Structures are given as C-alpha cells and as structure tokens.
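Asker: my questions are about this predicted structure, shown below with the sequence.
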Amino acid sequence: MTDAILEVHDLVKHFPVKLPGIARILWGGDLAVHAVDGVSFSLRPGEIFGLVGESGCGKTTVGRTVLRLLEPTSGTIRFEGMDITHLKERELRPLRKRMQIIFQDPHASLNPGMTIGQSIADPLIIHEAADEREAKRAALEIMTEVGLAPAEQMYGKYPADLSGGQKQRAVIARAMILKPQLIVADEPVAMLDMSIRSRVLELMLSSVTESRSCTSAELSRWGPRKESTQTRNIPTRRPSWKPSPSPIPCDGDERCFPGARCPMR
Ligand SMILES: Nc1ncnc2c1ncn2[C@@H]1O[C@H](COP(=O)(O)OP(=O)(O)OP(=O)(O)O)[C@@H](O)[C@H]1O
Ligand SMILES: [Mg+2]
C-alpha cells in the first residue's frame with residue numbers, strides 16, 4: 001500500500017494531426033504530435049513537485065492529462081490509490097473537487113460574464129458543497145486570505161475590472177476554495193508582471209505552510225500538508241512528431257476556453 005496521492009506510470013499523450021489529402025498520401029497516413037512520451041512520477045501529500053522544461057515540451061499536457069482533462073493515449077494514472085486512467089466523466093465528477101488546476105493564463109481562466117466573487121464561489125455550488133449563502137461567505141473569506149480586499153467590494157467586480165495579479169489571486173482562490181488534495185499549477189505566474197510574481201508565489205507558498213496546500217515552479221502539484229513540504233523538479237523532453245499508427249480521435253481542450261464552464265470547477 002502506497003501513501004502517494006498521485007502516481008503516474010509511463011504516461012503517453014499523442015495529438016493526432018489531420019493532413020490534407022495529398023500530404024496524407026505522400027506521408028503514408030496521419031501524423032501525431034508525441035507531446036508526452038513515457039512520463040512516470042509519484043507525489044506524496046504535502047509535496048511540491050516541479051515539472052521543468054522548455055516551451056512546448058509537454059508540461060501543460062502532462063498536467064491536463066493527469067487530471068483527465070485530456071484523455072491519455074496510454075499509461076496509468078492513480079489518484080489516492082484509485083486508477084482513474086479510464087474513468088468516465090461521470091465517475092470522475094466526485095473526484096474533481098479533490099483535484100484542481102490553476103491555468104497558465106489568468107485572463108482566460110475567468111468567465112467574463114461572472115463576477116469575481118461568483119467565480120470563486122461557483123465550485124462550491126457546482127459540487128453541492130454549500131448553498132449560495134454559505135458559498136458567498138466562504139468566497140469572501142478566501143478572497144481576504146489571498147489579498148482580494150476589501151472582499152465585499154471585490155466580490156461584485158468583473159474580470160475586466162481587475163489587474164493581472166488580482167485575476168491570478170482570484171484563480172488561486174477558486175482552486176483553493178474546495179480544499180483540494182491536489183492542485184496542478186500550470187505556470188501560475190507566467191502571465192504576470194515581474195513586480196507581482198513574487199507576491200503571488202509567496203501567497204501560494206504560504207498556503208502550504210499555513211494550511212492544506214502548496215505550490216509552484218513551472219508546473220507543480222500539491223497536496224495537504226503532512227509533516228514536511230518537499231520540493232522536487234524533473235526535466236521533460238521536447239515532443240517529437242511521428243506518423244500516427246492509427247487515427248486517434250481529437251479530444252482537444254476546448255473546455256478550457258474563456259467563458260466555457262470548466263469541468264474542474
Ligand atoms: N490540443 C492539441 N492538439 C495538438 N497538439 C497539441 C495540443 N495541445 C498541445 N499540443 C502540442 O503538444 C506539445 C506540448 O504542448 P504543451 O502545451 O504541453 O507544452 P508546454 O511544455 O506546456 O509549453 P509552454 O511552456 O509553452 O506552456 C506542443 O508541441 C503542442 O503544440
Ligand atoms: Mg504550458
């Protein structure tokens with residue numbers, strides 16, 4: 001019996017590329033981007049795990065695939081000991097509140113039609129973890145924690161009214177409100193000015209030491225604090241382009257576009 005929160009074994013994710021007719025004939029079939037090829041790691045509670053590599057090497061794809069926002073081509077993903085590699089969305093739903101993601105781009109991660117407060121409270125309502133009044137109260141509390149103050153005033157503001165740093169704080173608050181066991185933080189400060197990067201990183205780090213979760217590097221995951229917080233970084237390789245042995249249905253990631261209802265919330 002392992003105490004790992006997340007175990008990834010030999011994870012592979014290929015994206016099929018549709019070629020136009022003549023290119024397809026010349027090439028002898030469709031192509032596939034080998035974005036992730038045989039990645040294995042495990043993560044214990046309280047551990048910060050950094051996945052480091054050049055642009056396009058597959059960090060985001062690993063993060064989205066382990067959370068099953070993308071369908072793995074092969075490999076095994078175990079979350080809290082349960083094999084989630086092939087679970088259907090309906091079966092994944094109860095697990096979603098225990099694993100959250102902070103996307104790379106805070107500007108695209110918030111629904112422009114919802115106020116900041118509504119976006120932060122929304123996961124509690126979606127997962128039926130609170131009624132509207134309780135969800136609002138929890139949102140106001142966490143907004144104060146992440147420095148979106150005065151919370152009452154910020155609650156009714158729309159994403160367009162906020163700075164990049166404030167939006168990222170809102171995205172962090174939204175990921176934390178469900179007190180998840182695991183958070184994938186996909187370059188959570190990449191889109192922010194240098195001046196506020198360190199403040200947002202400090203905020204995420206303080207959440208490790210003070211309470212349930214922790215964070216960051218290029219891509220990292222965190223679980224609730226146990227005895228100590230450890231940090232590990234592993235490098236990833238640049239993806240390669242290879243002919244696809246058989247066509248794979250494209251599962252894209254349209255669910256993460258602005259304004260779309262994110263399945264992780
Ligand atoms: N939905 C998709 N369809 C086809 N190819 C994709 C898709 N998503 C990612 N890729 C390709 O997979 C490879 C890895 O992309 P990914 O976004 O995981 O890289 P990354 O390491 O996160 O890069 P960055 O540091 O720039 O964020 C890239 O070559 C990318 O073009
Ligand atoms: Mg990325």
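Answerer: Great, that's in hand. Ligands and ions are numbered 1, 2, ... in the order given.
Asker: give me the sheet partners of the helix or strand hosting H34 and which way each runs.
Answerer: Assessed by DSSP states H and E, H34 sits inside strand 31-43. Paired neighbours of strand 31-43 in the sheet (DSSP bridges): strand 6-17 (antiparallel), strand 240-243 (antiparallel).
Asker: buried set for the helix or strand just after that strand?
Answerer: For strand 31-43, the succeeding helix or strand toward the C-terminus, using DSSP H and E, is strand 48-52. Using 16 or more other Cβ atoms under 10 Å as the test for burial, strand 48-52 gives I48, F49, G50, L51. The C-beta positions use only the backbone N, C-alpha and C, and glycine is treated the same way.
Asker: repeat that for stretch 24-43.
Answerer: The neighbour-count check on stretch 24-43 (16+ other Cβ under 10 Å) flags D30, L31, A32, V33, H34, A35, V36, D37, V39, F41, L43 as buried.
Asker: wondering if that stretch reaches ligand 1 at all.
Answerer: Yes. Shown here: stretch 24-43 in contact with ligand 1 (Cβ under 6 Å from any ligand atom) through V33, A35.
Asker: so is that stretch next to ligand 2?
Answerer: No. Using Cβ under 5 Å from the ion, stretch 24-43 stays clear of ligand 2, coming no nearer than 10.4 Å.
Asker: any idea how far the residue positioned nearest the centre of the chain is from D30?
Answerer: With distances taken as Cα atoms, centre = their mean, I101 lies nearest the centre of the chain, 2.4 Å away. The gap separating I101 from D30 is 29 Å, by Cβ to Cβ, to the nearest Å.
Asker: try K59
Answerer: Computed as Cβ to Cβ, the K59 to D30 distance reads 25 Å.
Asker: and P94, by the same measure?
Answerer: Going from P94 to D30 by Cβ to Cβ gives 36 Å.
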